[in-house]
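> Give the three-dimensional model of this entry:
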Amino acid sequence: MTSRFPDERRREVLAATRDLVAERGYSSTTVEAVAAATRTSKATLYRQWGDKAALVVEAVSAGSPLAIDRIDTGSLAGDLAAVVDQLAARAAVDVPIVLGLAGAGQRDPALPAALSSRLLPQVEALRAVVARAVARGELPADPPAARHLPYLLAGAVVAPTLLDGPAAVADAGYLRSVCDDVLLPALRAHP
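Numbering: from 1, shown residues only. Modelled structure (predicted):
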């Protein structure tokens with residue numbers, strides 16, 4: 001949604017929303033709580049974002065946005081390393097929030113749609129990474145594993161926390177090993 005909402009005020013609302021979601025979880029964060037924390041009317045928040053899901057998704061992704069579309073190191077291995085470095089830099093904050101959003105998405109159908117629309121550009125950027133690797137001759141045309149890449153990366157980021165507990169966070173070393181041991185060999189495999 002658009003209007004003359006000042007950028008500084010927008011950042012303040014998004015930061016407060018992100019803090020509330022991190023502290024309370026998605027389900028317990030309300031538009032009323034965000035309004036109170038930021039001294040903004042609920043009507044203004046609804047006018048700006050339309051619903052709670054859109055507000056929360058923008059707040060979570062605004063913290064330190066991924067910039068996969070800016071990555072082009074000249075090699076597939078370098079590009080994937082840069083991607084996972086970005087993911088690792090955000091994992092400690094993002095994974096608990098994302099896991100909470102995943103559960104809340106079962107009860108709030110607007111949430112998965114808002115998440116999907118926010119993540120689609122990053123998925124397209126991953127496709128561009130693969131397309132450049134194909135054009136450079138690093139990968140066969142239309143590598144079968146490429147369609148699984150977004151899911152494999154997402155799984156690699158959240159799996160340590162899910163399987164080993166909240167203190168386990170996917171760091172850059174772990175994610176780079178996933179690239180070297182799993183993603184690159186799968187992408188390079190000939191059908």
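> any weak-confidence spans in the protein?
Applying pLDDT under 70 to the chain picks out residues 1-3, 63-65.
> For the longest helix seen in it, name the packing helices and strands.
For the chain, the longest helix by residue count, based on DSSP state H, is helix 76-104. Applying 3 or more C-beta pairs under 8 Å, 6 or more residues apart in numbering; DSSP states H and E, we find helix 76-104 packed against helix 7-24, helix 52-62, helix 110-135, helix 149-164, helix 172-178, helix 184-188. Every residue, glycine included, has its C-beta placed from N, CA and C.
> Can you pull the domain assignment for this structure?
Under the assignment automatic domain parsing, the domains of the chain span 7-61, 64-188.
> Dump the ones you listed to CSV, plus mean neighbour count.
Listed next are the domains of the chain as CSV, based on neighbours: other C-beta atoms under 10 Å:
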stretch, mean neighbour count
domain 7-61, 17
domain 64-188, 16
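> so the longest helix of the chain versus helix 110-135, what angle?
170 degrees (axes from the mean of the first three to the mean of the last three C-alpha atoms, to 10 degrees).
> I'd like to know which of the helices and strands packed on helix 76-104 lies nearest to V84.
V84 lies closest, by C-beta to C-beta, to one member of the helices and strands packed on helix 76-104: helix 172-178, at 3.7 Å.
> I would like the residues contacting that closest one, please.
81, 84-85, 87-89, 152, 156-157, 160 (C-beta atoms under 8 Å, 6 or more residues apart in numbering).
> can you give me how far that helix is from the chain middle?
Relative to the centre of its chain, helix 172-178 is centred 17 Å away, using C-alpha atoms, centre = their mean, to the nearest Å.
> what's the answer for stretch 71-81, then?
For stretch 71-81, the distance to the chain centre is 19 Å (C-alpha atoms, centre = their mean).
> Next: stretch 149-166.
That offset, for stretch 149-166, works out to 12 Å (C-alpha atoms, centre = their mean).
> cool, stretch 41-54 as well?
For stretch 41-54, the distance to the chain centre is 21 Å (C-alpha atoms, centre = their mean).
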